[in-house]
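A.B. asks: here's my sequence, what's the structure:
(chains A and B)
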Amino acid sequence: MPSVQDGLIHEATSLLALVDAIELFVEEHQSQFTYNTDTSEFFKHIRTLAGLTKKRLVEILEEAGRPNSDQVQLLREIAEEKDHWKVRHTYVKPAADAHTLNLPAPLIKMASEHLGRVQNADAQVVVLLTPETMYFHNRARGSIGDKRAFLEIPYSQSRAFFSNVIIYHELGHYVWASLSDEPRSPQFASLVDAQKKAFDEILLPGIQNQKNLEFSRRVLDNWTQELFCDLFALRHLGPASSFALIDFLSLISTANREIEVTFDSEHPALALRFREQYQRLCEDGWVEAISDMASDHTDLIRRLAAKPEEEYLFVYDDKALPKQFIDAFTPVIPFVHALVAEIAPQAERPSEDFRRWRGEIEDCLLNGVVPSKLLIQGSSLCPTPVSMINAAYCVYLSRLPELMNKLEGQDPDNPEHRRKWINRLEGWTMKAIDDYHLLSLQGVS
Amino acid sequence: MSVNERSAMPTNLQSRSQYLVLAEFSRRAIRALSNYADDGSSELPTDILQHTVDALQAVQQGDKYQFGQRPASALGSYEQLRTLEQVFRRPEEVGEAIALTTGLLKHEGVRDVTKVRKVINLFTELQAKALWNFEQPAPVPSPDLEELCRAFKTA
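C.D. replies: Got it, this is the predicted structure:
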C-alpha cells in the first residue's frame, strides 16, 4: 500500500510539471511577442512565483523525511499550492494573447495611469483576451496579487478603440473592490452608512429569513456598485463612456420600454443609469459641450434620463419584486456621486478643454490628420486625450459621412466602406493619445 | 459587467480564490499553533485567533453578507464566512468554536496543549473544506421570492 510519503512525491512531481509548463509557456511568448509594462510585470511575477514554488517543494520533501513530520499537512500544502497554480494557469493564457499587436495599447496605458492616480501608484492593468462576448474585471486575491486589475476583453474587440472605452467601467469595479480596504475614504464610509440606514429602515422590516437577507443586501450592493462604475468611467472619459455603453449593449436597436425601466438583481434599470450619467454630465460641464451634437446616442440618453421613477420595476426570475428595493436604493445615489467626485477630483474640468478645442480636433480628423498638436494662431498646443477621444467619438457618431464624402468611391451607406473609415478614425485617435504620452514625457504637453 | 458565479473562467476565479486565501490562512494558523504546542519558546498567534473569533461571531449573528465587506482581510469575505458556516453547521458548534478559541486567547499565558490541539483540529477542518470549496464551489442560495413578496404585500 502506498505511503503518505509516496503520495507526497507523486503530488510534488505533478506540481513541478505544471509549474515548469507554465513557466516555459510564458518564456516562449515573451520571446515571440511584445507586452505592455503591466503585463510584462505580471509575467515576471509568475516566473518569480515559479522559482519560489520549486524551492518550497524541495523544502517540503526534506521536511517530510524528518521523523514526526506532519505529512498529511504537507500534502495539503502541496494541494493548496497546486490550486494557486490552477488559478495562475487560467490567467496566463489570456494574458499571453493580449500582446501589444492585439490591444488598443494607448487606451490601456491611459487607463493604467488613471488607476495609478485614484489608487496607489503601483496599481497595474493586465488585459486578458477571452472567448466571452462580455467585458469583465476581476481580481484573484492571494494567488496573483491585489495590485493587479485584470480586464477581460472579448478577443474579437481587442484591436478596436471605441468599444474598448468601456474598460473604464470595468476599472471601476476594481476600484470599488479596493475601497473596502483600510484606510477607507470618508465618502465610502458615508456611502456604506447610507446603504445600511436605507436597508434597515425600508427593507429589513419585511425580511423574514437569512436567504432573503443576503439576497436583498447583495442586490442593493450590486446596484450601488454598477452605478459607481458608470459614474467612475464618465468622470474620467466624459460622454464617450456613455456612448460606448450604448454601443456595447446595442441599445439603439434593442432597448424597449420594459427593458429600459427594469432593474435586475445585478444592474439598476437603464433609465436610472442614464439619468444619473446625464446628471454627472451636466455637473461636469459636458452636456453644454455636446449640446449641438445630433445623434441617436444623445437623444437616447436624454429620453432615458427623463423616464419617470414611477415606471421603474424590479424583476428577478421573471417575477416582479417589491418596489421597496428601489426605494432603498434611491437615498444611496447622491453618496455615489459624492464618492466618485472625491476619488477622482478635477482641478480643471476636462469638458472645458474639450469645449475649447473640439472644433479643431474634429477638423483634423475630418482631414485625416492625427490631432496630437493643434496649430492655433501660429503656435501649437496639445489637447488632452479625453478631448481627443470625445471629439473622435462625435465624428464617429455624427460626422462620418462628412469624412467619407470627401473621398472618391466611398459610400457612407456601405458597411464595408464605413468600417474601413471607422478603423482609420480609431487609428488616428490612438496615435494621438500615444503622441500625447510621448510629448508628456518630453514635458511638451 | 458584474461577476457571475456561472461565468466562464477566469471571471469566476475571483470568488473561488477567496477559498484559497482561507486555506492559506488555516495553514498558517495550524503551523503557528503546532509550533506553540510543540515548542516552548513560540508565542500564541493571537492575531489569527482574534480574526477567527470575529469571523465566527459574524456567522453566529447571521451577518455573512454586509455592506462595505472587507474581502481583503482574512476571513472577511462572504465565501470565507460561508465556509465557516459549512464547517460549523449547528449554532452550538459555532458557539463551542468561539468558546474554545476565546478560551485560548483569555489564558494566553497558560500553555494548554490539549485545547491547542482542539483548535488545530478546527483549522484542519476549515482548511480541508476551503480546498474542497475551491474545487466545488456551492452556488449562492436562491432567495425565497414568494415570502419576500408576501412580506411586502405585493404578491
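
A.B. asks: could you double-check that A:Arg275 lies in contact with A:Glu311?
C.D. replies: No: between A:Arg275 and A:Glu311 there is no contact under Cβ atoms under 8 Å: 11.7 Å. Where you see a C-beta, it was placed from the backbone N, CA and C, and this is true even at glycine.

A.B. asks: just for chain B, where's the confidence low?
C.D. replies: For chain B, applying pLDDT under 70 flags the ranges B:1-12, B:70-74, B:154-155.

A.B. asks: picking that back up, A:Arg275 and A:Glu311 - which one has more neighbours?
C.D. replies: Using other Cβ atoms under 10 Å in any protein chain shown, the more surrounded residue of A:Arg275 and A:Glu311 is A:Arg275, with 19 against 13.

A.B. asks: and the helix or strand containing that one, which residues are buried?
C.D. replies: Assigned by DSSP states H and E, A:Arg275 belongs to helix A:270-283. Buried residues in helix A:270-283, defined by neighbour count with 16 or more other Cβ atoms under 10 Å in any protein chain shown: A:270-281.

A.B. asks: the helix ranked longest in chain B vs chain A: in contact?
C.D. replies: Ordering each helix of chain B by length in residues (DSSP state H) puts helix B:13-38 first. Yes: Helix B:13-38 comes into contact with chain A (Cβ under 8 Å from any Cβ of the partner chain), by way of B:13-14, B:16-18, B:20-21, B:23-24, B:27, B:30-31, B:34.

A.B. asks: where does chain A have its least confident helix or strand?
C.D. replies: Across the helices and strands of chain A, mean pLDDT, DSSP states H and E gives its lowest value to helix A:251-254, namely a mean of 72.

A.B. asks: for it, name the packing helices and strands.
C.D. replies: Applying 3 or more Cβ pairs under 8 Å, 6 or more residues apart in numbering or on different chains; DSSP states H and E, one finds that helix A:251-254 contacts helix A:296-305.

A.B. asks: tell me the angle the helix it packs on makes with helix A:270-283.
C.D. replies: Counting by axes from the mean of the first three to the mean of the last three Cα atoms, to 10 degrees, helix A:296-305 lies at 110 degrees to helix A:270-283.

A.B. asks: past helix A:296-305, which element shows up next along the chain?
C.D. replies: In the C-terminal direction, the helix or strand that comes right after helix A:296-305 (DSSP H and E) is strand A:313-316.

A.B. asks: what helices or strands is that next one leaning on?
C.D. replies: If contacts are counted by 3+ Cβ pairs under 8 Å, 6+ apart, strand A:313-316 sits against strand A:262-263, strand A:319-321.

A.B. asks: before we move on, back to that, any idea which of the buried residues of helix A:270-283 is closest to A:Glu77?
C.D. replies: Nearest to A:Glu77 among the buried residues of helix A:270-283: A:Arg273, at 46.0 Å, using Cβ to Cβ.

A.B. asks: any idea how far that closest one is from A:Leu101?
C.D. replies: For A:Arg273, the distance to A:Leu101 equals 34 Å [Cβ to Cβ, to the nearest Å].

A.B. asks: same question for A:Phe150.
C.D. replies: Taken as Cβ to Cβ, the span from A:Phe150 to A:Leu101 is 20 Å.

A.B. asks: who's more crowded, those two?
C.D. replies: A:Phe150 (25 against 10).

A.B. asks: so is the more buried one in a helix, a strand, or just coil?
C.D. replies: Here A:Phe150 is recorded as strand under DSSP: H, G, I helix; E, B strand; the rest coil.

A.B. asks: please identify the buried residues of the longest helix of chain B?
C.D. replies: For helix B:13-38, the neighbour count (16+ other Cβ under 10 Å) marks B:13-27, B:29-34, B:36-37 as buried.

A.B. asks: any chance you could list what contacts stretch A:248-257?
C.D. replies: Stretch A:248-257 is contacted by residues A:135, A:163, A:166, A:245-246, A:270, A:296-297, A:300, A:304 when judged by Cβ atoms under 8 Å, 6 or more residues apart in numbering or on different chains.

A.B. asks: low-confidence ranges, the stretch 251-400 of chain A, go.
C.D. replies: With pLDDT under 70 as the threshold, the stretch 251-400 of chain A has low-confidence stretches at A:255.

A.B. asks: which parts of it sit against chain B?
C.D. replies: A:266-267, A:316-317, A:319-324.

A.B. asks: dump those residues to JSON lines, plus neighbour count.
C.D. replies: Compiled in JSON lines, these are given as follows (neighbours: other Cβ atoms under 10 Å in any protein chain shown):
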{"residue": "A:Glu266", "neighbour count": "16"}
{"residue": "A:His267", "neighbour count": "18"}
{"residue": "A:Tyr316", "neighbour count": "18"}
{"residue": "A:Asp317", "neighbour count": "10"}
{"residue": "A:Lys319", "neighbour count": "12"}
{"residue": "A:Ala320", "neighbour count": "14"}
{"residue": "A:Leu321", "neighbour count": "23"}
{"residue": "A:Pro322", "neighbour count": "21"}
{"residue": "A:Lys323", "neighbour count": "16"}
{"residue": "A:Gln324", "neighbour count": "19"}
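
A.B. asks: out of those, which is nearest to A:Leu227?
C.D. replies: Nearest member of these to A:Leu227, counting by Cβ to Cβ, is A:His267, at 9.1 Å.

A.B. asks: burial count for B:Gln66?
C.D. replies: 18.

A.B. asks: check B:Ala138 too.
C.D. replies: 12.

A.B. asks: how about the contacts made by it?
C.D. replies: By Cβ under 8 Å, 6+ apart, B:Ala138 lies in contact with B:82, B:86.

A.B. asks: wait, a strand at it?
C.D. replies: No: counting by three-state DSSP, B:Ala138 is not part of a strand but coil.

A.B. asks: for it, grab phi and psi.
C.D. replies: Here is the backbone geometry of B:Ala138 (degrees, to the nearest 10): phi -80, psi 140.

A.B. asks: quick check: it vs chain A, distance?
C.D. replies: From B:Ala138 across to chain A, the span is 13 Å (Cβ to the nearest Cβ, to the nearest Å).

A.B. asks: doesn't A:Trp428 make contact with A:Tyr396?
C.D. replies: No: assessed by Cβ under 8 Å, A:Tyr396 is found out of contact with A:Trp428, at 11.2 Å.

A.B. asks: can you give me the neighbour number for the closest residue in space to A:Lys431 that isn't next to it in sequence?
C.D. replies: Of all residues not flanking A:Lys431 in the chain, A:Val370 sits nearest, at 4.7 Å (Cβ to Cβ, 6 or more residues apart in numbering or on different chains). Counted with other Cβ under 10 Å, the burial measure for A:Val370 works out to 17 neighbours.

A.B. asks: for B:Thr114, give its distance to chain A.
C.D. replies: Applying Cβ to the nearest Cβ, the value for B:Thr114 to chain A is 18 Å.

A.B. asks: can you tell me which helix or strand that residue belongs to?
C.D. replies: Per DSSP H and E, B:Thr114 falls inside helix B:113-135.

A.B. asks: which among the contacts of stretch A:248-257 gets closest to chain B?
C.D. replies: Closest to chain B out of those is A:Tyr135 (6.0 Å), distances taken as Cβ to the nearest Cβ.

A.B. asks: need the pLDDT of that closest one.
C.D. replies: Per-residue confidence (pLDDT) for A:Tyr135: 87.

A.B. asks: now do the contacts for it.
C.D. replies: Counting by Cβ under 8 Å, 6+ apart, A:Tyr135 touches A:151-154, A:166-167, A:169-170, A:248, B:1.

A.B. asks: repeat that for A:Arg424.
C.D. replies: A:Gly368.

A.B. asks: helix or strand right after the longest helix of chain B?
C.D. replies: Next along the chain after helix B:13-38, taking DSSP H and E as the criterion, comes helix B:46-60.

A.B. asks: any idea how far the very next helix or strand once past that following helix is from the middle of the chain?
C.D. replies: Later in the chain than helix B:46-60, the nearest helix or strand by DSSP H and E is helix B:78-87. Remark: helix B:78-87 is offset 5 Å from the chain centroid, using Cα atoms, centre = their mean, to the nearest Å.
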